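Q: Sequence and predicted structure, then a few things I'm wondering about:
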Amino acid sequence: MSKLEKTMDICEESARKLLRVEEALALFLSHAEPITSQESIATQQALGRVLAESIDAPFDVPTIDNSAMDGYAICLNELENNAAQRLRVSQLIPAGAALCALQPGSCARIFTGAAVPTGSDTVIPQEACEIDGGWIIFPRQIEKGANIRRQGEEVSKGDRLLSKGEKIRAQELGLIATLGIAKVTVTRRLKVAIFSTGDELTPLGKPLASGHIYDSNRYILRALLENQGYDVVDLGVIPDQLQATCDTLCEAAKSDLIITSGGVSVGDEDHVKTAVAQLGKIESWRMAIKPGKPLAFGHVNDTPFFGLPGNPVATFITFCLFARPYLQKMQGVQNTTPLSIPLPAGFNRKPSKRREYLRANIENGKVVPLKQQGSAMLTSLTQSEGLVVVPEEQTIEEGMLLEFIPYSAYFS
C-alpha cells in the first residue's frame, strides 16, 4: 500500500470526525517530498531563495584586528609614566590601508575599520581626547584593549554560518556578501498551478450580472504564492464542464503543485472533485477549524493537489496553515513554523468545538478580535494585523494568554 493510500485510509476514518490542525498538518507534510533540483545563482539574485548547501566561513571575521571607531591607536604602557598624558601623532591610518607598525612613543590617527597597527593595544575615541598642536592629550581613565574588534571575534574560519534549508533574507544576503561569496547554490523555484472554476465568476473590469461574483480567490492565491517566491502558472477561470476541468488539471499537473479553491464541500456540484478522482485520487477532509472546515487533498497523476475552501477568508487561512508549510517543505525549508506571540486576550468568548482563527489587532498590549468574522468578509483581513488562535473547547476570559500570529510571520 502506497503512502497516499495509507493516508487516504486515515482520512476516510477522519471524515467521520473533525480532524485537528496538528493531525492534518502531520498528514500533509508526510507527503511533501523536498525537491532535489538545484541551481547556482549570483548572490544578488538570491533574496528569498532556499539554500541547497550549507555555507561555512572561508576566513575569520574580522580578518584582522581593526578599530571600532574613529580615534587614536596607542600602546597604553606609553602613558604609564607620562604625567602629561599626551603623545605626538606619528601616522594616519585610514580604512583599507596596509597593516603597519606604531612608531614608539607616539600615537596613530586611526579611522573605523582600519587595521590596528602592531605595537598598539588600545584605541581611544577622538571625542575623549584633546588636541594641542601636534600632540594629543588623553583621558586618565583608559581601559586596555578598548575599541578594538579582534580578528575572528564574530566568526572563525570554518564556522557553520548558514545551513541547508534556510531561506535567504536581506540579513543572510549581507552575511554571504561579507564572506565574499559571489554565487550560492539554491533549490530551484517551485512551480504552482492555480485556477478557478465557476460560470458565475466574472473577470475584473466587467459589469456583474445578477448572481455573479468577481474571482477574488485566484488573486489571493497568486499573491500569496508570488510573495513566497514561487513561480505561478495561472490557468484562469475554467467553465463548469467536466472535460474542461479534466483538461485543465492535466495541464496543471505539469507543475509541482496544484491549488484550487471552492467545490470541496460535501454536496458541491463543482466538477473539480470528480475530475481529480478520475485522474488520480482525492479525499475531502472535515477540519476542526473555523473558518475553513472543508479541505481536499489528493494527486493528479503524481502531482499533489490542494482544494481549499471557497470563501476567501477561509482560502487565505487554510493556505497559511496547510499549503504554505507543505510548499516550504517541498522547497527544502527546514523550519516551517511561523512566529507566534503570546498575548493577553482583550475579550471573552464561549467555547467552540473547532479551533478558531480570529482576525485581530493589538490594542493596549492585548489582542482584540474584529467584530465581523465572516469567512466571506475580506475586510476582516485588511483591517487586522494577524490571527489570534482560540483553542477548541476552551472558554476565553480577558487576560488569558493566547497565541497571536502576525500576518508578516506567514510571509517571511
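A: Yep, it's here. Numbering: from 1, shown residues only.
Q: now residue 323: how far from residue 259?
A: Distance of residue 323 to residue 259, computed by C-beta to C-beta, to the nearest Å: 6 Å. Bear in mind the C-beta positions are built from the backbone N, C-alpha and C, glycine included.
Q: Need the residues touching each of these two.
A: Taking C-beta atoms under 8 Å, 6 or more residues apart in numbering as the contact rule, residue 323 and residue 259 both touch 306, 308.
Q: Looking only at neighbour counts, state which of these two leads.
A: A direct count of neighbours by other C-beta atoms under 10 Å for residue 323 and residue 259 places residue 259 higher, at 27 against 24.
Q: Give me the neighbour count for the nearest residue to that one once chain neighbours are set aside.
A: Spatial nearest neighbour of residue 259, chain neighbours left out: residue 306 (4.7 Å); criterion: C-beta to C-beta, 6 or more residues apart in numbering. Residue 306: 24 surrounding residues under other C-beta under 10 Å.
Q: Could you do residue 318 as well?
A: Using other C-beta under 10 Å, residue 318 is surrounded by 27 other residues.
Q: Need the phi and psi values for the residue of the chain positioned farthest from its centre.
A: Distance from the centre of the chain peaks at residue 83, with 58.5 Å (C-alpha atoms, centre = their mean). Backbone geometry at residue 83, expressed as degrees, to the nearest 10, gives phi -60, psi -30.
Q: What pLDDT is listed against it?
A: You'll see residue 83 listed with a pLDDT of 88.
Q: What distance do you get for it to residue 137?
A: Taking C-beta to C-beta, one finds residue 83 at 11 Å from residue 137.
Q: and what of residue 111?
A: Distance check for residue 111 against residue 137: by C-beta to C-beta, it reads 20 Å.
Q: Those two: who's more crowded?
A: Neighbours were counted for residue 111 and for residue 137 using other C-beta under 10 Å; residue 111 has more, 17 against 12.
Q: List the residues that contact the more buried one.
A: If you count contacts by C-beta under 8 Å, 6+ apart, residue 111 has them with 67, 70, 93-95.
Q: Let's see if you can find the most crowded of those.
A: Counting by other C-beta under 10 Å, top hit in those: residue 67 with 25 neighbours.
Q: Now do the same contact list for that residue.
A: Residues in contact with residue 67 (C-beta under 8 Å, 6+ apart) are 73, 110-114, 116, 123, 147-149.
Q: would you list these in JSON lines and tack on secondary structure, distance to residue 354 and pLDDT?
A: Conversion of these to JSON lines gives the following (DSSP: H, G, I helix; E, B strand; the rest coil; distance: C-beta to C-beta, whole Å; pLDDT from 0 to 100):
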{"residue": "73", "secondary structure": "strand", "distance to residue 354": "67", "pLDDT": "98"}
{"residue": "110", "secondary structure": "strand", "distance to residue 354": "65", "pLDDT": "98"}
{"residue": "111", "secondary structure": "coil", "distance to residue 354": "62", "pLDDT": "98"}
{"residue": "112", "secondary structure": "coil", "distance to residue 354": "57", "pLDDT": "98"}
{"residue": "113", "secondary structure": "coil", "distance to residue 354": "57", "pLDDT": "97"}
{"residue": "114", "secondary structure": "coil", "distance to residue 354": "63", "pLDDT": "98"}
{"residue": "116", "secondary structure": "coil", "distance to residue 354": "63", "pLDDT": "98"}
{"residue": "123", "secondary structure": "strand", "distance to residue 354": "62", "pLDDT": "98"}
{"residue": "147", "secondary structure": "coil", "distance to residue 354": "59", "pLDDT": "98"}
{"residue": "148", "secondary structure": "strand", "distance to residue 354": "60", "pLDDT": "98"}
{"residue": "149", "secondary structure": "strand", "distance to residue 354": "55", "pLDDT": "98"}
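Q: Drop anything exposed from those.
A: Listed as buried from the contacts of residue 67 are 73, 110-111, 114, 116, 123, 147-149; burial here means 16 or more other C-beta atoms under 10 Å.
Q: now the strands: where do they sit in the stretch 151-300 of the chain?
A: Taking DSSP state E, counting those that start in this stretch, the strands of the stretch 151-300 of the chain run over residues 160-162, 183-187, 191-197, 201-202, 213-214, 231-238, 257-261, 280-286, 289-290, 294-300.
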